[in-house]
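Peer 1: No sequence on hand, only this structure:
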């Protein structure tokens, strides 16, 4: 019951991130538009100009609420500090990329460094940030004293970049990852996880919902790399902090498929804007269709359009349905894994 | 909503999920408990971790290969 009480307090505090994220998103929409930080929505016939980098509202909300929870939630501040540093660093990398348009290879390399606070604080305060035991569904677990700390860096880089790669349509990333965060929140509650991961999953979900209000079809705000990378890093950091490593991989199956097929076709880290062969094309009636270009990558959106053009909002709904499917499998995975220690 | 595409993806996801659990089971039950490199030799612990990491890597690549074949089977064939 004590755990239930702590989790209830955690969720109630996290609930505050919804209006804060909503207000910050609104603020950055005007702020960024005024300073000419805008992108073009290429999947609309009238190609509207939309404020870019508005996703910065999400990492600011996440860090702000982690600080609030550290002060009033009675939880250890070390994991919250590690989480905030990872999210903040990923946001910084994203912001630099948004402004300077770095080459594709730099993002995975720089996001490798974003996991460093987890590693350093984890080694300085053993057992507070991560434990080197991987819990495996049905089969128990095993201790990985050498490999586990090293995979932290890779995990944060992979999750941040894979989330970054699946945001081609209005609301696809924000909606998809809020489903993932919501599902892993439910799973964590069901297996009796500690209040810190419960709080952070709830905070991530509510922050994303606040941003999604303006990012949903037809979008009035774009996340930018600053939002996408920090949200992805947040998923990676939470997988380690909440001991939901395998369940998190399952939950982001749609992202993994998208990234894997993009990389397997292009065979290098590159930006979407640098692609000469586009996977989809906008039709005169406003629907999206498979470009039928054999050199273009087989992205997730393209697989959904093969032989059947569809309007953007319908494709986004389908992507959300895929996230709902993968997240359901992730919750089952968590239940099969049992109580994280 | 493209129900057929969701159905195909569902098959891919469930198959990959099952294979993933199986792979982690193999690692937990058969690979992790065994000392593949004697820990008594110099840096034995690190070599042992490296060999086990390599086995995990091979399993991961096989897992991605099966994913690749499935998506090509379901989606590329329809596109042709």
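Peer 2: On my side now, so go ahead. Note that the structure is a prediction, hence the values are computed from the model and not measured.
Peer 1: so where is the chain shaky, pLDDT-wise?
Peer 2: No chain specified, so I'll use chain A. A:1-4, A:74, A:266-276, A:339-341 (pLDDT under 70).
Peer 1: let's do chain B instead
Peer 2: Within chain B, the stretches with pLDDT under 70 are B:1, B:76-80.
Peer 1: repeat that for 90
Peer 2: B:1-9, B:28, B:31-50, B:52-53, B:68-80 (pLDDT under 90).
Peer 1: Name the residues of it found near chain A, please.
Peer 2: Counting by CB under 8 Å from any CB of the partner chain, the positions of chain B adjacent to chain A are B:1-2, B:5-6, B:8-10, B:12-14, B:16-17, B:20-21, B:24-25, B:27-29, B:32-33, B:45-46, B:49, B:52-53, B:64, B:67-68, B:71, B:75-76, B:78-79. In short, each C-beta sits where N, CA and C put it, glycine included.
Peer 1: Pull out the buried members of these.
Peer 2: B:2, B:5-6, B:8-9, B:12-13, B:16-17, B:20-21, B:24, B:27-28, B:32, B:45, B:49, B:52, B:67, B:71, B:75 (16 or more other CB atoms under 10 Å in any protein chain shown).
Peer 1: among those, which are in helices?
Peer 2: Those of these mapping onto helices are B:5-6, B:8-9, B:12-13, B:16-17, B:20-21, B:24, B:45, B:49, B:52, B:67, B:71, per DSSP state H.
Peer 1: residues in contact with the closest residue in space to residue B:21 that isn't next to it in sequence?
Peer 2: Leaving aside its sequence neighbours, residue B:21 sits nearest to residue A:137 (CB to CB, 6 or more residues apart in numbering or on different chains; 5.5 Å). By CB atoms under 8 Å, 6 or more residues apart in numbering or on different chains, the contact list for residue A:137 reads A:246, A:333, A:336-337, B:21, B:24.
Peer 1: What count of nearby residues applies to residue A:199?
Peer 2: Applying other CB atoms under 10 Å in any protein chain shown, we find 28 residues neighbouring residue A:199.
Peer 1: I'd guess it is in a helix, am I close?
Peer 2: Yes: counting by DSSP: H, G, I helix; E, B strand; the rest coil, one finds residue A:199 located in a helix.
Peer 1: so who does it touch?
Peer 2: Here residue A:199 is in contact with A:10-11, A:13-14, A:69, A:73, A:75 (CB under 8 Å, 6+ apart).
Peer 1: Columns neighbour count on top of these, output as a markdown table?
Peer 2: Below are the contacts of residue A:199 laid out as a markdown table (neighbours: other CB atoms under 10 Å in any protein chain shown):
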| residue | neighbour count |
| --- | --- |
| A:10 | 25 |
| A:11 | 19 |
| A:13 | 18 |
| A:14 | 24 |
| A:69 | 23 |
| A:73 | 20 |
| A:75 | 19 |
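Peer 1: so can I have a markdown table of those residues showing distance to chain B and secondary structure?
Peer 2: Formatted as a markdown table, these follow (distance: CB to the nearest CB, whole Å; DSSP: H, G, I helix; E, B strand; the rest coil):
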| residue | distance to chain B | secondary structure |
| --- | --- | --- |
| A:10 | 29 | helix |
| A:11 | 28 | helix |
| A:13 | 33 | helix |
| A:14 | 28 | helix |
| A:69 | 32 | helix |
| A:73 | 33 | coil |
| A:75 | 30 | coil |
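Peer 1: what's the farthest-apart pair in the residues you listed?
Peer 2: Among the contacts of residue A:199, the pair separated by the greatest distance (CB to CB) is A:11 and A:75, at 13.3 Å.
Peer 1: can you name the farthest residue from the center of chain A?
Peer 2: Relative to the centre of chain A, and counting by CA atoms, centre = their mean, the farthest-placed residue is residue A:284 at 32.6 Å.
Peer 1: Nearest residue to that residue in space, please, no chain neighbours.
Peer 2: Per CB to CB, 6+ apart, closest to residue A:284 is residue A:45, 7.8 Å.
Peer 1: try residue A:287
Peer 2: Spatially, and ignoring its direct neighbours in sequence, residue A:287 is nearest to residue A:309 (4.4 Å; CB to CB, 6+ apart).
Peer 1: Quick one: residues contacting that neighbour.
Peer 2: Counting by CB under 8 Å, 6+ apart, residue A:309 makes contact with A:283, A:287-290.
Peer 1: Which residues of the stretch 151-300 of chain A lie near chain B?
Peer 2: Within the stretch 151-300 of chain A, the positions adjacent to chain B are A:246, A:249-250, A:253-254, A:257, A:260-261, A:264, A:290, A:292, A:298 by CB under 8 Å from any CB.
Peer 1: Thanks again, I'm all set now.
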